[in-house]
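Undergrad: model this:
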Amino acid sequence: MPAPSLPYHLVNAFVSPTTPHSGNQAAVVIYPNDTDERINDTFFRLTAHDFHFSETAFLVPIAGEPTEPRYRIRFWTPAVEVPLCGHATLASAYTTLYAVHPDAEAIVFDTHHGLVRCVRSDTGGVVLDMPAHVAAQPDEGTDKALRATMLAAAPSLSPGDLLRVGRLTDFGDGDRVVYELAASVDLEKLPVNLEQFNSAATGQAIVTQLVGADSAGLKINSRIFCPYWGVPEDPVTGAAHTVLGPYYLAGLGARHASTLLAGDLPSATITARQVSQRGGGMRVSLSADGTRVLLNGQAARWGDGLLHAV
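TA: Numbering: from 1, shown residues only. A predicted model of the protein is given here:
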């Protein structure tokens, strides 16, 4: 007897307020139980390649309370597995909270980076409670090399446009490098040579800038490049904002941020825009102890269907 068909959902995650046809796209595949023979890396890889979104999430149900269902979740690009993906988590949470478990109070995902608890927001979206990741100041030699990579990738930048560099080496799938640019740079239109990031074997290049502040908190822009993973430029990247939240509110970028925003910076909220071609964004804040990042985003579920046995 052939294996039963698997349901999937197509979601735009972290969409902008102006259109649902924005954000980052993900497929969400949901297994009926944890004994299905298709729970294996070969199936994950081939299916993710067929969908060919920047991420496909695979959800396997595990023990949980009726009001708080749990799933083991895996994330695959068209080429490789990544340990944590914010936009595919949002897509999965939106699907399960609004379509699969409409009576649940929360959804909990078991990821390679620990548990992620997701609840509905008061604006019809989802709030993700994710682990914080802190970018550190690299040593002098590494800092110089990383700056050279960024300036080679974007030759129109001057050295003075690159304010700071941070590096995270323990994410599990390659370095995350934060490049903070001056607010005067037109990041959205900045020409970038992706091959420079690819040749440097950077897992994720997070190019960001602090563009202002108001009564609602800080405002930042970003663009995220992952050619080493087969994703040239990611449309909207939740996991990168688990780095950017701590970076601006309590880390390397906090001194700069404090010149624009008075008060208790770690308790502030960031309005984050990712100025990719599709565009999108989210609101970012830290937990009281600084170990978690709350990502508040909107999503649009625009399709569903069945995967048949092949």
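
Undergrad: CA only for contacts and neighbour counts going forward, please
TA: Noted.

Undergrad: residue 117 contacts residue 111, doesn't it?
TA: No - using C-alpha atoms under 8 Å as the test, residue 117 is too far from residue 111 to be in contact (10.6 Å).

Undergrad: lowest confidence element among the helices and strands of the protein?
TA: helix 194-199 (a mean of 79; mean pLDDT, DSSP states H and E).

Undergrad: what's whichever helix or strand comes after that one in contact with?
TA: Following helix 194-199 in sequence order, the next helix or strand is strand 204-214 (DSSP states H and E). Strand 204-214 is contacted from outside by 174-183, 187, 197, 218-226, 228, 240, 257, 260-261, using C-alpha atoms under 8 Å, 6 or more residues apart in numbering.

Undergrad: swap in stretch 3-23?
TA: 24-32, 87-88, 90-91, 95, 235-236, 278-282, 297-309.

Undergrad: what's the ChimeraX syntax to select whichever of these are buried?
TA: For the buried members of the contacts of stretch 3-23, the matching ChimeraX selection, counting by 16 or more other C-alpha atoms under 10 Å, is:
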select :24,25,26,27,28,29,30,31,87,88,90,91,95,235,236,278,279,280,281,282,297,298,299,300,301
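
Undergrad: low pLDDT regions in the stretch 101-250 of the chain?
TA: 172-173, 199-202 (pLDDT under 70).

Undergrad: rerun that using 90 as the cut-off
TA: Applying pLDDT under 90 to the stretch 101-250 of the chain picks out residues 169-175, 194-204, 214-216, 226-232.

Undergrad: what about the helices in it?
TA: With DSSP state H, counting those that start in this stretch, the ranges of helices along the stretch 101-250 of the chain come out as 140-153, 194-199, 238-250.

Undergrad: any idea which of the ones you listed is most buried?
TA: Highest mean neighbour count among the helices of the stretch 101-250 of the chain (mean count of other C-alpha atoms under 10 Å): helix 238-250, with a mean of 25.

Undergrad: quick one, it and strand 204-214 angle?
TA: Angle, helix 238-250 to strand 204-214, by axes from the mean of the first three to the mean of the last three C-alpha atoms, to 10 degrees: 50 degrees.

Undergrad: after helix 238-250, which helix or strand is next?
TA: helix 254-258.

Undergrad: packing partners for the very next helix or strand once past that next one?
TA: Sequence-wise, the next helix or strand downstream of helix 254-258 (DSSP H and E) is strand 270-274. Counting contacts by 3 or more C-alpha pairs under 8 Å, 6 or more residues apart in numbering; DSSP states H and E, strand 270-274 packs against strand 217-226, strand 280-286.

Undergrad: one more time with 10 Å, if that's ok
TA: The helices and strands touching strand 270-274, judged by 3 or more C-alpha pairs under 10 Å, 6 or more residues apart in numbering; DSSP states H and E, are strand 204-214, strand 217-226, helix 238-250, strand 280-286, strand 292-297.

Undergrad: now do that strand: distance to the chain's middle.
TA: 12 Å (C-alpha atoms, centre = their mean, to the nearest Å).

Undergrad: now that strand against strand 292-297, angle please.
TA: Going by the same axes, to 10 degrees, strand 270-274 makes 60 degrees with strand 292-297.

Undergrad: shift numbering so it begins at 53
TA: All right, first residue 53 from here; so that's strand 322-326.

Undergrad: on that earlier part again, buried ones among the contacts of strand 256-266?
TA: 226-235, 239, 249, 270-278, 280, 292, 309, 313.

Undergrad: what's the domain layout of the chain?
TA: Listed by automatic domain parsing, the domain ranges of the chain are 58-182+349-359, 192-338.

Undergrad: if we can go back for a sec, and the helices of the stretch 153-302 of the chain as a markdown table, adding distance to residue 125?
TA: As requested, the helices of the stretch 153-302 of the chain are exported to a markdown table (distance: least, C-alpha to C-alpha, whole Å):
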| stretch | distance to residue 125 |
| --- | --- |
| helix 192-205 | 33 |
| helix 246-251 | 27 |
| helix 290-302 | 15 |
